[in-house]
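A.B. asks: Give me the fold of what follows.
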Amino acid sequence: MNRNKRFAWTWAAAGVFAVAGLIGACDPEETDNPTPQSDAGTKVDAGTNTDAGTGTDAGTNTDAGTTDAGTTTDAGTTTDAGTETDAGTTTDAGPQSAFPLAVDGTWAPSGYMGDSDGITDEATCNTPRPGAGLGVCHKFTLTKKAQGWGGVYWHYPEGNWGTAEGAAVPTGAKSVSFYAWGAAGGEKIGFFVGNGQTTLDKFKIETGDITLNAAPTRYTIDISIVNYGKVSGGFGWSAGGQDVPTVFFLDDIQWH
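C.D. replies: Got it, this is the predicted structure:
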């Protein structure tokens, strides 16, 4: 075979093998790299599946930053964290009025004067009690003795005639009021507040003698001009002795 024929045969054989290779490459049954199928990128389990990034357990789950991480009811918005009624909005968490202030319970009727051995004090109340009924009901009986007069001071502490500091009364009181009445009507009694100018109280306001009615009647002592501080003499009364015992009643004695 001459040189040119051998060369031509060689190229022919190469072409046969090349075609065979192409035919083999087109056989889907024998390739290791098949063409894209519907399960290779668009299938529901290959990237868009609910468990592959957008699933409820992968970042948006209710236990991964939402209801238990700042917005849950136990993390700042619960009723025990500033909005509860005991945390600043309840009625016991703001300024309350100090008045009315009952005389009984702050001061005690301990300062007996004059015929002190002829004075009795009984807790006898009218029915119904007049006014607000603050403090204690009093039924006083004054029996004339050697001094010919008598009276009682409400003191703080007991027996303090103004030589020691008295009760710390809040500022703002303008008057002292009380209900008084006589057993028969016509009894003459004087009332007052403060132990006197020469005591630590530095004041005393008096009503002078008042003729009592037989029915409970409210009376008021104006203290608006008094610059009081700690008061030892919160209230008091005095009366002249009579041939027959003087009997009268007091109730609802208060600063306001």
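
A.B. asks: quick one: the helices in this protein?
C.D. replies: Remark: helices assigned in the chain by DSSP state H are 3-25.

A.B. asks: pLDDT below threshold where in it?
C.D. replies: Within the chain, the ranges that satisfy pLDDT under 70 run 1-96.

A.B. asks: The stretch 151-256 of the chain: strands as residue ranges?
C.D. replies: Assigned by DSSP state E, counting those that start in this stretch, the stretch 151-256 of the chain shows strands spanning 167-168, 175-182, 188-196, 203-211, 217-222, 230-231, 233-240, 246-255.

A.B. asks: could you dump those strands to a markdown table with mean neighbour count and distance to T141?
C.D. replies: In short, each C-beta sits where N, CA and C put it, glycine included. Output for those, formatted as a markdown table (neighbours: other CB atoms under 10 Å; distance: least, CB to CB, whole Å):
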| stretch | mean neighbour count | distance to T141 |
| --- | --- | --- |
| strand 167-168 | 14 | 27 |
| strand 175-182 | 20 | 12 |
| strand 188-196 | 21 | 12 |
| strand 203-211 | 14 | 18 |
| strand 217-222 | 14 | 19 |
| strand 230-231 | 22 | 27 |
| strand 233-240 | 23 | 11 |
| strand 246-255 | 23 | 5 |
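
A.B. asks: I'd like to know which of those strands lies nearest to T143.
C.D. replies: Nearest to T143, of all these, is strand 246-255, at 8.1 Å by CB to CB.

A.B. asks: Could you name the helices and strands sitting against the closest one?
C.D. replies: The contact analysis (3 or more CB pairs under 8 Å, 6 or more residues apart in numbering; DSSP states H and E) places strand 246-255 against strand 101-102, strand 138-142, strand 175-182, strand 233-240.

A.B. asks: Give me the nearest residue to L200, chain neighbours excluded.
C.D. replies: Sequence neighbours aside, G162 is the residue nearest to L200 in space, at 5.3 Å (criterion: CB to CB, 6 or more residues apart in numbering).

A.B. asks: can you tell me which residues contact that neighbour?
C.D. replies: N195, G196, T198, T199, L200, D201, S232, G233 (CB atoms under 8 Å, 6 or more residues apart in numbering).

A.B. asks: Good, wrapping up.
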